[in-house]
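> structure of the sequence below:
(one chain, ligands or ions: 4)
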Amino acid sequence: MKNAVLSELFDQMADIMEILGEDRFRINTYRRVGRIIGDTPADVEVLLATGQLAEIPGIGKSSLAKIEEFVKTGTMTAHQQLLTKIPPTLLELLAIPSMGPKGVKAVYENLNVTSIAELKDAIEAGSIAELPGFGDKKAATMARGIAFLEKSTGRIRLDQALEAADVVSAFLHDVSGIERIQPAGSLRRRAETIGDVDILVAGRKGEKIVKAFTNAAFVQEVLAAGPTKGSAIIQTEIAGVHVDVRVVPQKSFGAAAQYFTGSKQHNVRLREIAVKAKLKLNEYGLFKGDKMIAGAVEEEVYHKLGLDYIWPLLREDRGEVEAAKAHCLPELIEAQDIKGDLHVHTNASDGDCEIADLAEAARPLGYKYICVTDHSQSTAIANGLTAKRLAAQIKQIHKLNEKLRGITILAGTEVDILANGSLDFDDKLLADLDFVTASIHSGLASAREKVMTRTLKAMDNPYVNCIGHPTGRLIGQREPMDIDMAAVIKHAAQTHTALEVNANPWRLDLKDTHCKMAIEAGVKLAIGTDAHSIGGLGLMGFGVATAGRGWATKADVLNILSLSKLKSWVKLKRP
Ligand code: DGT
Ligand code: CA
Ligand code: CA
Ligand code: ZN
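Ligands and ions are numbered 1, 2, ... in the order given. Presented below is the predicted three-dimensional model:
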């Protein structure tokens, strides 16, 4: 049946004409024809052949001719002609929830926005909010709509998955008959993106528990509901998220946690070891013949296989199984090891808060220091500091430190690496700072040679202690720069420069595998939140997890050092 296609064609013609501001009457006619065809249960082709289509009220002569043309030739000239009148990417904007032809017309006419990518830029630049009749709230709705659209085509970010898992876990907490709750899958491994959220529950009344979950108010759509597993799309503030809840008995909880945490590749390795030892491993337990030798406790599954317990962050089959066998797994860093945040913006550039407020907020996190790293002048859209303003800020920080107890504010910068690889501030000013991070914020799409030269040259500067977000990627939004990471890491080792692990879940930059490469080359990681507000300081855990996935121990992370050791480390590079 061609009904659906035809209906869509008429609707799209109406959309395009509305965007172009064409005749209202014709727009309405096309909409009506589209709706009639879409609603008709009978085959349009048959209706056309029998002459019945012409009888339907609302379908006039010219519409009939268009339908006939399409049925005969497979194209519709009027539709083709309309398509030539707009940029080809413009219609993708209509797929954004809450975005109708009127909205598209407004952003296209006033801001020349022709694609989703351009719309995002416009939202970020604040130009949508400034459009008459739009405002902050509409711009935010649009941003959420885009996020939803992006999610629906693929994987979600770690922070989005965590939010969904928290909502479901909190709900399950109050469901009777549940003895334990354990997020599993890629979320428990803290992978950078998540396909679906897996939550494991210990309990006996599987069907009842699954029902409680699939009937919860936050459930948007139930995908499956059986005796041990429920799958649903749940509504969160930003997007719909696919969540699987599995119910297992207590005695299998450890084995199930092991199995459903994965990764698949890691599980395959474990099963091989079991088979070699003439054991059977599955989600119910580890068995010797019919006898269960491990199952309730996850650690025991590993121990009975002759392995040390492997932290979920490491379960990617990247050498952890061999290391567990040889008893030489790394002792991973933990959140409480962190002594300070090395990447924080204040309201002097594009952040929200005063320096003093950030320092106060850092104290309860157990930090001993916090480094203020506002942007430099070239990043004008972020109100980057001029040399003069930075000099004043350094003085201000020294003054604040005189009064502060228990925590020290470090004077730093996130200085721009300019197009030729030189820095936005001269060495004399940089020498007055405690810690210098240098970042690329422009020309990220340039050729490899260009971005490599910039990055390597910045590291050559004796005052540059760290390269910020080394690849510049934004997960799901912007590709990383085309850099040769092995060469960057080698140069970092040679120049005594750290590489940042930017903890913002949009960035996670360096990513896990690059962290591992850096550590193996002896390069220090500097985990920073890139906070622009007090809440932003709370992102540290994402950076710690990412470094952990790269096998980071205390020896590998700069901001685990005490303040005095950090200062000595900085001095080592200075002339
Ligand atoms: P995702 O959801 O794509 O981000 O990644 P995961 O790792 O959460 O994968 P998912 O949700 O398909 O399955 C959860 C875990 O269940 C997975 O990490 C390992 C286990 N699992 C699933 N299917 C298989 C399988 O065919 N073989 C083995 N050995 N394990 C599996
Ligand atoms: Ca999953
Ligand atoms: Ca799953
Ligand atoms: Zn930056």
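> ok, Tyr108 to Ile178 distance?
Per CB to CB, to the nearest Å, Tyr108 is found 51 Å from Ile178. From N, CA and C alone the C-beta is placed, and that goes for glycine too.
> could you do Ala387 as well?
Applying CB to CB, the value for Ala387 to Ile178 is 60 Å.
> neighbour count winner among these two?
The neighbour comparison of Ala387 against Ile178 (other CB atoms under 10 Å) goes to Ile178, with 18 against 14.
> number of residues surrounding the closest residue to that one other than its chain neighbours?
Nearest residue to Ile178, sequence neighbours excluded (CB to CB, 6 or more residues apart in numbering): Gly203, at 4.7 Å. When neighbours are defined as other CB under 10 Å, Gly203 has 22 of them.
> what's the spacing between the residue nearest to Lys516 when sequence neighbours are not counted and ligand 2?
The shortest distance from Lys516 to any non-neighbouring residue, by CB to CB, 6+ apart, is to Gly550 (4.1 Å). Distance of Gly550 to ligand 2, computed by CB to the ion, to the nearest Å: 21 Å.
> Gly550 touches Leu510, doesn't it?
Yes. Taking contacts as CB atoms under 8 Å, Gly550 lies within contact range of Leu510: 7.4 Å.
> when those two are compared, which one has more neighbours?
Neighbour comparison, Gly550 and Leu510: the larger count goes to Leu510, with 30 against 26 (by other CB under 10 Å).
> tell me the contacts of the more buried one?
Neighbouring residues of Leu510 by CB atoms under 8 Å, 6 or more residues apart in numbering: Pro470, Thr471, Leu499, Glu500, Val501, Asn502, Ala518, Leu525, Thr546, Gly550.
> can you do 7 Å?
Neighbour list for Leu510: Pro470, Leu499, Val501, Ala518 [criterion: CB atoms under 7 Å, 6 or more residues apart in numbering].
> just the element for Ala438, please.
Using DSSP states H and E, Ala438 maps to strand 435-439.
> could you report the pLDDT at the residue nearest to Lys516?
Listed pLDDT for Gly550 reads 98.
> does stretch 283-291 reach ligand 1?
No. For stretch 283-291, no contact with ligand 1 is found by CB under 6 Å from any ligand atom; the gap never falls below 8.1 Å.
> in that stretch, which residues are buried?
Applying a neighbour-count criterion of 16 or more other CB atoms under 10 Å, one finds Glu283, Tyr284, Gly285, Leu286, Phe287 buried in stretch 283-291.
> let me see the domain layout of the protein.
If you go by automatic domain parsing, the domain ranges for the chain are 3-152, 157-325, 335-571.
> report whether stretch 297-311 contacts ligand 1.
No. Using CB under 6 Å from any ligand atom, stretch 297-311 never reaches ligand 1; the gap is at least 13.3 Å.
> start and end of that stretch, how far apart?
End-to-end span of stretch 297-311 (CA to CA, to the nearest Å): 14 Å.
> tell me how far whichever residue of the stretch 201-350 of the chain sits closest to ligand 2 lies from Ala545.
For the stretch 201-350 of the chain, the residue closest to ligand 2 is Asp244, as judged by CB to the ion, at 6.9 Å. Separation of Asp244 from Ala545 (CB to CB): 21 Å.
> who has more neighbours out of these two?
Ala545 (26 against 20).
> is the more buried one in a helix, a strand, or coil?
helix (DSSP: H, G, I helix; E, B strand; the rest coil).
> how about it: what's its closest non-neighbour residue?
Leaving aside its sequence neighbours, Ala545 sits nearest to Arg190 (CB to CB, 6+ apart; 3.8 Å).
> what about that neighbour, helix or strand, and which?
Per DSSP H and E, there is no helix or strand for Arg190.
> what's around it, how many residues?
Using other CB under 10 Å, Arg190 has 21 neighbouring residues.
> and what of Glu124?
Neighbour tally, Glu124, other CB under 10 Å: 12.
> pLDDT score assigned to the residue of the stretch 251-400 of the chain found nearest ligand 1?
Nearest residue of the stretch 251-400 of the chain to ligand 1 (CB to the nearest ligand atom) works out as Gly262 at 1.8 Å. pLDDT recorded at Gly262 is 97.
> quick check, it in contact with Ala191.
No. Applying CB atoms under 7 Å as the test, Gly262 and Ala191 come out as separate, 9.4 Å apart.
> who touches stretch 274-287?
252, 255-256, 259-260, 270-271, 288, 292-295, 301, 304-305.
> farthest-apart pair in those residues, please.
Based on CB to CB, the longest span within the contacts of stretch 274-287 runs between Phe260 and Lys288 and measures 22.5 Å.
> how about Trp551, secondary structure?
Trp551 carries the three-state label coil when classified by three-state DSSP.
> picking up where we left off before, buried set for the strand holding Ala438?
Phe435, Val436, Thr437, Ala438, Ser439.
> mean confidence for that strand?
Mean predicted confidence for strand 435-439 is 98.
> quick one: buried ones out of the contacts of stretch 274-287?
Neighbour-count burial (16+ other CB under 10 Å) applied to these gives 252, 255-256, 259-260, 270-271, 292, 294-295, 301, 304-305.
> what strand or helix carries Met452?
Counting by DSSP H and E, the element that carries Met452 is helix 448-460.
> buried residues of that helix, list them for me.
Neighbour counts over helix 448-460 (16+ other CB under 10 Å) mark Lys450, Val451, Met452, Arg454, Thr455, Leu456, Lys457, Ala458, Met459 as buried.
> still on that earlier bit, can I get the CA coordinates of the strand holding Ala438 in CSV?
C-alpha atoms of strand 435-439 as CSV (Å, rounded to 0.1, in the frame of the first residue of the first chain):
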residue,chain,number,x,y,z
PHE,A,435,49.6,25.6,37.5
VAL,A,436,49.0,26.0,33.7
THR,A,437,46.6,24.1,31.5
ALA,A,438,46.8,24.8,27.8
SER,A,439,43.9,23.9,25.5
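> from the rest of the structure, what touches stretch 536-550?
With CB under 7 Å, 6+ apart, stretch 536-550 has contacts from 158, 190, 313, 332-333, 335, 338, 341, 361-362, 365, 501-505, 508, 511-513, 515-516, 519, 525, 527, 529, 531, 557.
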